[in-house]
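[1] Have a look at this prediction, sequence included:
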Amino acid sequence: MNGANVSNATAEPTATAVLGATAGMDDLVDMLGRWASGRGPLYLLLAGRLRALIDDGVLAPGTPLPADRTLARRLAVGRGTVVAAYDLLQQEGRVTRRQGSGTRVAPLELPASRTADSVRANPLLLHILHPPDGVSLLTCAAPDRPPAAMAEAYEEAIGRLARVRDLGYQPAGNPELREAVAAYYRDRGLPTTADEILVTTGAQQALTLLAGLLLSPGDTVLTQSPTYPGALEVFRHAATVVRPVALGAFDASVPGAVPDLASALRERPSLVYTVPTAGNPTGATMATGDRRRLARLAGEHDVPLIDDEVCAELCFSGETPPPVASYTRGEQVITIASLSKLVWSGLRVGWVRAPAPLVSRLARLRAVHDLGGEVVSQIAAAALLRRLPEIRSERVRELRAGHDLLCAELAARLPSWSFERASGGQTIWVRIPRGDVDSYAQVALRHGVAVPPGRSFDPLGGHADHMRLHFLFPPDELARAVAGLAAAWDAYDGSRRPAHRHPLVV
């Protein structure tokens, strides 16, 4: 069976076309190929290969997978290897496991979550890959239009092209932009040189390069929960084990038995990832004491720590807290950021601030991929950084107004839902009182609103009763979206309530 032969979700092959009798098992083993030839624990390698088969549409939704013992015997591994691989895929929402009915490839969450070539899409990126008509998309939080300052910055950059005298291959980034970013950190009280800056194609590439350099299959990565799902996908792609931790008072409300960072660091993880300022998805900001503790613990345990500052300039107070690296003289803290949330998501310019030797290694790795980013955009980005106070002021004003409107609309129309007001960023973290958001999202889609389920933001697939909502729409559109959410909740919650009984009926 080949997923490329499927033209749409309604024409998916039957499960027996992949698995079933002995020939089906042979097909699966052939598709797994040399799954165990990589580095790292066997269960991660097996999960990684099965994940690729599922995401590429080769294993269709609903396809039954072999029983633990059966597959383990055929692959000549212990049953625990298969159990651990299946459990990991279940946490990611890629398979379902039920007593008596076995393990199956999970059904698609949304009708449009498979593209025309049958490749499964992350629900958070559906509007990019296959935007549905007539749906308010709350699935991805990013500015939908560039500010006037961006066009002016590009005009300035184009005017300077006549003075450019080099090949344009700059794996570490354009020198002018590297110096502008270094000056930006110096202005925030963090001594930085241009040699400590690597320019990237957005913060997502920064994460990917760092994972490629710092992580090996089987390594442990510690993150907050909930956290930015794009980072989780990068770490999973690197075949690492991602575990949630609590970062002091900042995560005091995190449910469940999540270990504290200090105790988790004793297990010698390879990396810590955090979004401490105007965090995605909660909009929360870490206090100074927690930032100092974070920097101290990274130094004491000699563990690299990534401080994701993509939304750091979006604090509603108008003041940007110091980066975590400001609280240490060590070299363990790595800072990443971009202009995608402050300016426009189409401006694919980000950066890494790290010790110069690490930046040099990252530049060599990047050269293998693309030889460096597009130069005109980098020159324009340097011009935008010089206008940062003006751009930030306008952007924060719009975000604060959208945040207040969303909170007011939710309180009025959905009083049973709970959330904490954000201190910055573009999103809030919302909890429904009953049921799970995966199921509710199906109802919401029928009412014209797409929402991202909370499990996409959890390393272990938890937070099923949460969703992330952004407040980037214009006021009228945002109010209509909340009205759609309220109508969907009435339909969803009403279907879950028992039928009303007359008082005299026993």
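    Nice, I can see it. Numbers count the residues shown, from 1 in each chain.
[2] pLDDT weak spots in the stretch 101-250 of the chain?
    Within the stretch 101-250 of the chain, the ranges that satisfy pLDDT under 70 run 108-133, 248-250.
[3] Also the stretch 401-506 of the chain?
    The low-confidence ranges in the stretch 401-506 of the chain, as defined by pLDDT under 70, are 495-506.
[4] Let's see that with 80 instead.
    Low-confidence segments of the stretch 401-506 of the chain (pLDDT under 80): 494-506.
[5] Can you show me the strands along it?
    418-419, 427-431, 449-450, 466-470 (DSSP state E, counting those that start in this stretch).
[6] Could you identify which of those strands is most buried?
    Between the strands of the stretch 401-506 of the chain, strand 466-470 has the highest mean count of neighbours, a mean of 26, where neighbours are mean count of other CB atoms under 10 Å. The way it works is simple: take the backbone N, C-alpha and C, and place the C-beta from them, glycine included.
[7] report the angle between the axes of it and strand 427-431?
    For strand 466-470 and strand 427-431, the angle between their directions (axes from the mean of the first three to the mean of the last three CA atoms, to 10 degrees) works out to 150 degrees.
[8] Please state the offset of strand 466-470 from the chain centre?
    Distance of strand 466-470 from its chain centroid, counting by CA atoms, centre = their mean, to the nearest Å, is 13 Å.
[9] wait, doesn't L371 sit right on G173?
    No. Here L371 does not reach G173: they are 11.8 Å apart, not a contact under CB atoms under 8 Å.
[10] Which of these two has more residues huddled nearby?
    G173 (27 against 12; other CB atoms under 10 Å).
[11] looking at this, that one is in a strand?
    No. With DSSP: H, G, I helix; E, B strand; the rest coil as the criterion, G173 is assigned coil and is not in a strand.
[12] Now L138: phi and psi?
    Here the main-chain torsion angles of L138 (degrees, to the nearest 10) amount to phi -100, psi 20.
[13] Need the residues that contact the host helix or strand of G230.
    Element membership for G230, per DSSP states H and E: helix 229-237. Surrounding helix 229-237, the residues in contact under the criterion CB atoms under 8 Å, 6 or more residues apart in numbering are 51, 92, 122, 124, 204, 207-208, 211, 215, 221, 223, 242, 271, 273, 308, 456-457, 459.
[14] just checking, what packs against the helix or strand following that helix?
    Sequence-wise, the next helix or strand downstream of helix 229-237 (DSSP H and E) is strand 241-244. Here strand 241-244 touches strand 220-223, helix 229-237, going by 3 or more CB pairs under 8 Å, 6 or more residues apart in numbering; DSSP states H and E.
[15] Take these and lay them out in JSON lines including mean neighbour count and distance to D27.
    Supplementary listing: these in JSON lines, determined by neighbours: other CB atoms under 10 Å; distance: least, CB to CB, whole Å:
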{"stretch": "strand 220-223", "mean neighbour count": "22", "distance to D27": "34"}
{"stretch": "helix 229-237", "mean neighbour count": "21", "distance to D27": "25"}
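[16] wait, which of those is closest to S263?
    strand 220-223 (10.8 Å; CB to CB).
[17] List the contacts of that closest one.
    Taking CB under 8 Å, 6+ apart as the criterion, the residues outside strand 220-223 that touch it are 215, 231-232, 235, 240-245, 261, 264-265, 267-274, 459.
[18] if we can go back for a sec, tell me which of the helices and strands packed on strand 241-244 lies nearest to E179.
    Each of the helices and strands packed on strand 241-244 was scored for nearness to E179 using CB to CB, and the closest is helix 229-237 (27.8 Å).
[19] follow-up on the earlier one: quick one: the helices and strands packed on strand 241-244 as CSV, columns for distance to A483 too.
    What follows is the helices and strands packed on strand 241-244, written out as CSV (distance: least, CB to CB, whole Å):
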stretch, distance to A483
strand 220-223, 34
helix 229-237, 27
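[20] Out of these, flag the one nearest L445.
    The closest of the helices and strands packed on strand 241-244 to L445 is helix 229-237. By CB to CB, the value is 18.9 Å.
[21] what about the closest one, distance to the chain center?
    The gap between the average C-alpha position of helix 229-237 and the chain average comes to 7 Å, counting by CA atoms, centre = their mean.
[22] before we move on, what about stretch 273-283?
    The mean C-alpha position of stretch 273-283 is separated from the chain mean by 11 Å, CA atoms, centre = their mean.
[23] pLDDT averaged over it, what's the number?
    Per-residue pLDDT values across stretch 273-283 average out to 96.
[24] With stretch 50-62 instead?
    Averaged across stretch 50-62, the pLDDT comes to 87.
[25] how about the CA coordinates for it, as PDB?
    Once side chains and other backbone atoms are set aside, the C-alpha atoms of stretch 50-62 remain, and they are given as PDB (Å, rounded to 0.1, in the frame of the first residue of the first chain):
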ATOM      1  CA  LEU A  50       6.000   3.900  13.200                       C
ATOM      2  CA  ARG A  51       5.500   7.700  13.600                       C
ATOM      3  CA  ALA A  52       6.800   8.300  10.100                       C
ATOM      4  CA  LEU A  53       4.500   5.600   8.600                       C
ATOM      5  CA  ILE A  54       1.500   7.100  10.400                       C
ATOM      6  CA  ASP A  55       2.300  10.800   9.500                       C
ATOM      7  CA  ASP A  56       3.000   9.900   5.900                       C
ATOM      8  CA  GLY A  57      -0.400   8.200   5.600                       C
ATOM      9  CA  VAL A  58       1.100   4.800   4.900                       C
ATOM     10  CA  LEU A  59      -0.700   3.500   8.000                       C
ATOM     11  CA  ALA A  60      -4.200   4.800   7.700                       C
ATOM     12  CA  PRO A  61      -6.400   6.000  10.600                       C
ATOM     13  CA  GLY A  62      -8.100   3.000  12.200                       C
END
